[in-house]
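A.B. asks: Sequence below, structure please.
(4 chains)
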Protein chains: 2
Amino acid sequence: MAATKDPRPCSIADALTLVGEKYSLLVLREVCLGNGRFDQLVRNIGAPRDILATRLRRLVDAGILTKRVYSERPQRFEYRPTRAGLELEPVLLTLMAWGDRHLRGDDDRPMVVEHSCGHELLPVVSCSVCGSAVAHEDLTAHPQSPGWTVSGPTAAA
Amino acid sequence: MAATKDPRPCSIADALTLVGEKYSLLVLREVCLGNGRFDQLVRNIGAPRDILATRLRRLVDAGILTKRVYSERPQRFEYRPTRAGLELEPVLLTLMAWGDRHLRGDDDRPMVVEHSCGHELLPVVSCSVCGSAVAHEDLTAHPQSPGWTVSGPTAAA
DNA sequence: TCCGTGAGTTGGAAAAGCAAACCCTCACCT
DNA sequence: AGGTGAGGGTTTGCTTTTCCAACTCACGGA
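C.D. replies: Predicted structure coming up:
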């Protein structure tokens, strides 16, 4: 008898159990910006030190960050993103763009990201096959496990 | 005297105060899939009913969801994404792709999203100006508020 | 009339969050 | 030798959230 507690199997949910706790994505933000030391993280994120310590352990265990020694005697550490960590950067960029668009009057953006092409980065999510930007109406979801369905538009058996 | 508690101003942080609480993005997932009714959400997400109620209120207040009546007598409701909510879908897609790649042996993906071009959607985040996929090395961050700097690669005054 | 469904609310225990204080190692200054 | 200060955390004690089960209320159908 399965408990009444088996939610839809989903990689979004799985990803969020790793990086969805409070502050985890902000840690990743700082680390991607190159601010990987404990006290920098405390200051720039504004998180309690103990919680930060917990998050860092978790992110290292998950293979999203690594802890590097940048000085023996006295021993000092720095957290850096792994490959997997860097591949979460698009999530941050997309979230930042959303926040800029919906939570701020245009042009009090607290940070601007510049792309190597010379312009400000305005990230778009697109289909890597056909190259066009994805819109909700163009998507059809296909759950792979029986018993899990979708209903509305964007639906499929 | 500013408290010792002013973190870096950031749209990622702001966005996460709205959608970063536990279950919020899963609610958005279900709602984007067309499963917008309370009991569907409870079942598909596996969240406690009281917390779900709290999250739904918050998301509606934030303008990310709307609560629609789909039946008077007996009164029944359905939550749907607003425009702003739909614009968060790219975040979900990116997160799902990451989870599929890093948390699963390829091909036990619990859900496949099909794009209208006929292929499975493999989302990429790209620069809307030059069209090329973004890589970490191509980015330069420019904080707009004095006092907030970045250090490593990806750094800038 | 009794049962089931949808959409929540309520109450109390368990877990997580928080701020401040504390600890340890080393380096530097005097 | 003693004091100061930075870096990188851990400990303590309290507050806030979560969690779970049970309960409500309004209806509709058998």
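A.B. asks: use CA for all of it now, contacts and neighbours both
C.D. replies: Will do.
A.B. asks: give me the number of residues near the residue of chain A at minimum distance from DNA strand C?
C.D. replies: Of all residues in chain A, the one sitting closest to DNA strand C is A:P74 (3.9 Å; C-alpha to the nearest atom of the strand). Per other C-alpha atoms under 10 Å in any protein chain shown, the neighbour tally for A:P74 reads 7.
A.B. asks: got the angle between the longest helix along chain A and helix B:89-103?
C.D. replies: If each helix of chain A is counted by residues according to DSSP state H, the longest one is helix A:89-103. In terms of direction (axes from the mean of the first three to the mean of the last three C-alpha atoms, to 10 degrees), helix A:89-103 departs from helix B:89-103 by 160 degrees.
A.B. asks: quick check, A:I12 in a strand?
C.D. replies: No. Assessed with DSSP: H, G, I helix; E, B strand; the rest coil, A:I12 is helix; it does not lie in a strand.
A.B. asks: residues touching it, list them.
C.D. replies: Neighbouring residues of A:I12 by C-alpha atoms under 8 Å, 6 or more residues apart in numbering or on different chains: B:26, B:92, B:95-96, B:99.
A.B. asks: Is it possible to get JSON lines of those that adds pLDDT and neighbour count?
C.D. replies: Output for those, formatted as JSON lines (pLDDT from 0 to 100; neighbours: other C-alpha atoms under 10 Å in any protein chain shown):
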{"residue": "B:L26", "pLDDT": "98", "neighbour count": "22"}
{"residue": "B:L92", "pLDDT": "98", "neighbour count": "22"}
{"residue": "B:L95", "pLDDT": "98", "neighbour count": "25"}
{"residue": "B:M96", "pLDDT": "98", "neighbour count": "27"}
{"residue": "B:G99", "pLDDT": "98", "neighbour count": "21"}
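A.B. asks: and of these, the nearest to B:S151?
C.D. replies: Of all the contacts of A:I12, B:S151 sits closest to B:L95, with 26.3 Å by C-alpha to C-alpha.
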